[in-house]
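take this sequence and fold it.
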Amino acid sequence: MSFSTARKYFKDILTAQGFDEHNDAFDDQNVPQTGLAKTYQLVDGNISGGPANQRIHNFTYPIAVKLFFNQYNKNTSEVIDEAIDEIEVLMNEFLKSRHGLVIKDVIPDGISPPRPLSVSNDVVVVYELNFSVSLSCLFS
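Okay, the predicted model is just below:
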């Protein structure tokens with residue numbers, strides 16, 4: 001079983017692009033407001049099954065990539081412009097055709113508009129990138 005391959009795929013690309021992982025898997029309200037300029041959090045969706053033969057099963061694994069951009073000492077417009085540039089680079093990396101035996105395809109489902117982390121915290125700008133990852137898993 002190789003569901004973890006999908007998460008590792010995104011983590012490797014985000015780390016290579018200079019993002020730090022926010023390790024709290026469920027709460028995004030405690031993202032540091034200082035120190036980290038670019039942080040991410042992966043949120044798993046409901047994995048659904050698809051066609052299968054005797055040993056290989058296909059799955060669709062929805063993954064949301066939350067990106068947090070710290071705008072400390074910057075104005076919001078400048079941070080949004082920088083974030084859009086970063087997202088373009090990330091999308092190019094995520095969608096490159098370098099999938100293997102497990103990951104068959106990475107399909108972009110959408111990008112949410114920018115929002116503040118919370119009503120009381122407009123220091124951090126948040127974007128959410130949504131993907132459907134097609135997986136083929138070999139069962140013995």
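
just how off-centre is the host helix or strand of Pro51 within its chain?
Pro51 is part of strand 48-52 when elements are defined by DSSP states H and E. From the chain centre to the centre of strand 48-52 is a distance of 23 Å (Cα atoms, centre = their mean, to the nearest Å).

could you give the average pLDDT over the next helix or strand after that strand?
Reading on from strand 48-52 to the C-terminus, the next helix or strand found by DSSP H and E is strand 56-70. When the per-residue pLDDT values of strand 56-70 are averaged, the result is 90.

try stretch 22-29
For stretch 22-29, the mean confidence score works out to 69.

lowest average confidence across helices and strands of the chain, where is it?
Least confident helix or strand of the chain, by mean pLDDT, DSSP states H and E, is strand 115-118 with a mean of 77.

list the buried residues for the longest helix anywhere in the chain?
Selection of the longest helix in the chain by residue count, based on DSSP state H, yields helix 76-94. Neighbour-count burial for helix 76-94, counted by 16 or more other Cβ atoms under 10 Å, picks out Val79, Ile80, Glu82, Ala83, Glu86, Ile87, Leu90, Phe94. Where you see a C-beta, it was placed from the backbone N, CA and C, and this is true even at glycine.

I'm done for today, thanks for sticking with me.
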